[in-house]
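**Student:** Provided below for reference: sequence and predicted model.
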Amino acid sequence: MTDTLDPEDWDDFRKTAHVLLDACIDRLAEARAHPWQPLPEATRQSYALDGTARGEAATAQRLIDDVLPFGTGNTHPRFWGWVHGTGLASGLLSEMAAATVNANCGGRDHGMIHVERAVIDWSRRIMGFPETASGVLVTGTSQATVLALATARQRALGPAVRSTGVRGRLTAYAGAGVHNATRKAIELLGIGADNLRRIPEDDRGMDCDALRAAIAEDRAQGATPFVIVGTAGSVDFGRFDDLNALADIARDEALWLHIDGAFGAWARLADAPWRALTDGIERADSLACDFHKWMYVPYDCGLCLIRNGDEHFATFAARPAYLASHGEGLSGGDPWFCDFGTDLSRGARALKVWCAVESYGASGLGAAITGNCRAAARMGAAVTAQPAMALMAPVISNLCVFTADASLPPKAQTALNKAIAASLQLDGTAVFSTTEARGITCLRAAIANHRTTPEDIDAAIAAVAARADALTQAA
């Protein structure tokens, strides 16, 4: 027995690791054969830890037998539930390298810091942000939203807010369908969910006249409006606000413009007409988006971009003595990423993005995003071609929302759509999620899957139609 936790025999470990690597590659290569499946009770119970050491070889076999088969299923080509990313082969390479280096990316001067800077700079240029912009990689859009709105809050109230807290009443504005991450951020920042104004919207986004009226009304009542939150790809229907119109209002009203671009911001890489949906994003004060959704990299990996890097730094910088930089050596490397967010201990998230861009290029990733939009359009056309089905919202980007039998009363439609979603998930045919439209629970496909083919779309809609017939006849 050694005095370390390293393997006693590195050659044996190498063989073990190769067996696991082969199993992982097989899993990705054969993704079509591995839809989501329910976790057996015996397997669930086997995850319990009793503290006994069993060695790396036994652990690797457990991973092969009891972990790899029971993921979310989002690597499968017909997984369109929620807005799940689907992973990349390059991610397997990046995660191996990241685990080996095991770098803390809170700061200091080492390679992973410069990889992250390269990813942020590339993203900044794609989104049209100026060289003065700053950024930081985070867990996802939820965390990025907190960082962005904290910076907006500091602009509105001044640097003293870090010491005194929020004084007075701030108000924020977003479309009615804004993601829940915005509400959570408003709550966490002490502003209060009651001060998030939900502005009416339609398929073209937020009602700008209603937005201006709400801002004027709040000012008249003594509140301090401070941020407009625009949406680039709504979670329910894939809608995009008119970002240029929002930027004009933010300019006229001297408000911060934040864009929730969780997945939709990356339509920036798509072909026409979908790229135009992001027009105006370059005028935002901040942007929150995910690489692990429509850029397909492994979870988790989000991005916060802020137009004014000085404001970003001033909102979060706090360096105790033990973290002082001395300019040279490992303790150099200023600025540190811990000064742009809440985390000092940070993994090498950027490496998986860097590997994806290096492997596939902006053109390859953009082609996949374009393909997803085309797939959603194809699904919309297939739905329309079915005599009983109906679209419940226009197909704008990569989401398709529909009902399986529009001839039924709303309550019956809801029951049928729920039953179809569960049935297709359980038998491994396809994963749709659900959402609400016109008072009906509908089937929803969020196509952020680079493995999806046109044949998958056609087969899934045929399966929905067949399942609807069978369930209706059985009722």
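**Tutor:** Yes, it's here.
**Student:** List the buried residues for the helix or strand hosting Lys411?
**Tutor:** Lys411 belongs to helix 410-426 when assigned by DSSP states H and E. Buried positions in helix 410-426, judged by neighbour count with 16 or more other C-beta atoms under 10 Å: Gln413, Thr414, Leu416, Asn417, Ala419, Ile420, Ala421, Leu424, Gln425. All C-beta spots, glycine's among them, are computed from the backbone N, C-alpha and C.
**Student:** Wait, the fourth one touches Thr441, no?
**Tutor:** Read that as Asn417. Yes - using C-beta atoms under 8 Å, Asn417 is in contact with Thr441, at 5.4 Å.
**Student:** Identify the residue spatially nearest to the residue sitting nearest the centre point of the chain, adjacent ones excluded.
**Tutor:** Residue closest to the average C-alpha location in the chain (C-alpha atoms, centre = their mean): Asp290, at 3.9 Å. Spatial nearest neighbour of Asp290, chain neighbours left out: Gly302 (4.7 Å); criterion: C-beta to C-beta, 6 or more residues apart in numbering.
**Student:** so how far is Gly347 from that neighbour?
**Tutor:** 13 Å (C-beta to C-beta, to the nearest Å).
**Student:** just to revisit the earlier point, identify the contacts common to Asn417 and Thr441.
**Tutor:** Thr434 (C-beta atoms under 8 Å, 6 or more residues apart in numbering).
**Student:** Ala254: how many residues sit nearby?
**Tutor:** 10 (other C-beta atoms under 10 Å).
**Student:** Distance check, it against Asp241.
**Tutor:** Applying C-beta to C-beta to Ala254 and Asp241 gives a distance of 19 Å.
**Student:** Same question for Gly168.
**Tutor:** From Gly168 to Asp241 the distance is 27 Å (C-beta to C-beta).
**Student:** try Asp285
**Tutor:** Distance from Asp285 to Asp241, by C-beta to C-beta: 15 Å.
**Student:** So between those two, which is more surrounded?
**Tutor:** Neighbours were tallied for Asp285 and for Asp241 using other C-beta under 10 Å; the higher tally belongs to Asp241 (30 against 24).
**Student:** which helix in the chain runs the most residues?
**Tutor:** Identified as the longest helix of the chain according to DSSP state H is helix 350-385.
**Student:** other SSEs contacting the very next helix or strand once past that one?
**Tutor:** Using DSSP H and E, the helix or strand that directly follows helix 350-385 along the chain is strand 390-391. Secondary-structure packing of strand 390-391 (3 or more C-beta pairs under 8 Å, 6 or more residues apart in numbering; DSSP states H and E): helix 350-385, strand 399-403.
**Student:** Extract the C-alpha trace of the last one and format it as CSV.
**Tutor:** Pointing back at strand 399-403 there. The C-alpha trace of strand 399-403 is given here as CSV (Å, rounded to 0.1, in the frame of the first residue of the first chain):
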residue,chain,number,x,y,z
LEU,A,399,-38.6,25.0,-31.2
CYS,A,400,-41.7,23.4,-32.4
VAL,A,401,-44.8,23.4,-30.1
PHE,A,402,-47.9,21.5,-31.2
THR,A,403,-50.9,19.5,-30.2
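**Student:** List the contacts of Asp405.
**Tutor:** Asp405 touches Ala388, Met389, Ala412, Gln413, Leu416, Ala468, Thr472, counting by C-beta under 8 Å, 6+ apart.
**Student:** I meant Leu365, not that one.
**Tutor:** Counting by C-beta under 8 Å, 6+ apart, Leu365 has contacts Trp266, Leu269, Met295, Tyr296, Ala356, Val357.
**Student:** ok, the fourth one - how many residues close by?
**Tutor:** Applying other C-beta under 10 Å, we find 25 other residues in the vicinity of Tyr296.
**Student:** Equivalent analysis for the third one, please.
**Tutor:** Other residues lying near Met295 total 27 when counted by other C-beta under 10 Å.
**Student:** Using the three-state scheme, assign it.
**Tutor:** Secondary structure assignment for Met295 (DSSP: H, G, I helix; E, B strand; the rest coil): coil.
**Student:** give the contact list for it.
**Tutor:** Gly85, Trp266, Val353, Ala356, Leu365.
**Student:** Kindly recompute the last result at 7 Å.
**Tutor:** Trp266, Val353, Ala356, Leu365 (C-beta atoms under 7 Å, 6 or more residues apart in numbering).
**Student:** can you list those in JSON lines and add pLDDT?
**Tutor:** Output for the contacts of Met295, formatted as JSON lines (pLDDT from 0 to 100):
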{"residue": "Trp266", "pLDDT": "98"}
{"residue": "Val353", "pLDDT": "98"}
{"residue": "Ala356", "pLDDT": "98"}
{"residue": "Leu365", "pLDDT": "98"}
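**Student:** Dump those into CSV; add distance to Ala118 as well.
**Tutor:** Putting the contacts of Met295 into CSV (distance: C-beta to C-beta, whole Å) gives the following:
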residue, distance to Ala118
Trp266, 18
Val353, 9
Ala356, 13
Leu365, 16
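**Student:** related to what we said a few turns ago, more neighbours: Gly302 and Gly347, which one.
**Tutor:** More neighbours surround Gly302 than the other of Gly302 and Gly347, with 24 against 21 (other C-beta under 10 Å).
**Student:** Tell me what the more buried one is bridged to.
**Tutor:** Val138, Asp290 (DSSP bridges).
**Student:** show me the contacts for it.
**Tutor:** Contacts of Gly302 by C-beta under 7 Å, 6+ apart are Leu137, Val138, Thr139, Gly140, Thr141, Gln143, Ala144, Ala288, Cys289, Asp290, Phe291.
**Student:** Would you mind measuring from it to Ile281?
**Tutor:** Gly302 is 16 Å from Ile281, by C-beta to C-beta.
**Student:** Over to Leu303?
**Tutor:** Distance from Leu303 to Ile281, by C-beta to C-beta: 13 Å.
**Student:** Now for the contacts of Asp405: which two are most distant?
**Tutor:** Met389 and Ala412 (14.4 Å; C-beta to C-beta).
**Student:** what stretches of the protein score poorly on pLDDT?
**Tutor:** 1-2, 321 (pLDDT under 70).
**Student:** ok, which stretches of it are helices?
**Tutor:** Using DSSP H, helices in the chain cover 10-29, 41-46, 55-62, 89-101, 111-127, 141-157, 161-164, 180-188, 208-220, 243-253, 309-316, 350-385, 410-426, 454-474.
**Student:** List of residues touching the first one?
**Tutor:** Applying C-beta under 7 Å, 6+ apart, the external contacts of helix 10-29 come out as Pro7, His34, Glu56, Ala57, Ala60, Leu63, Ile64, Leu68, Thr75, Ala89, Leu92.
**Student:** ranking the residues you listed by neighbours, who comes first?
**Tutor:** Thr75 (22 neighbours).
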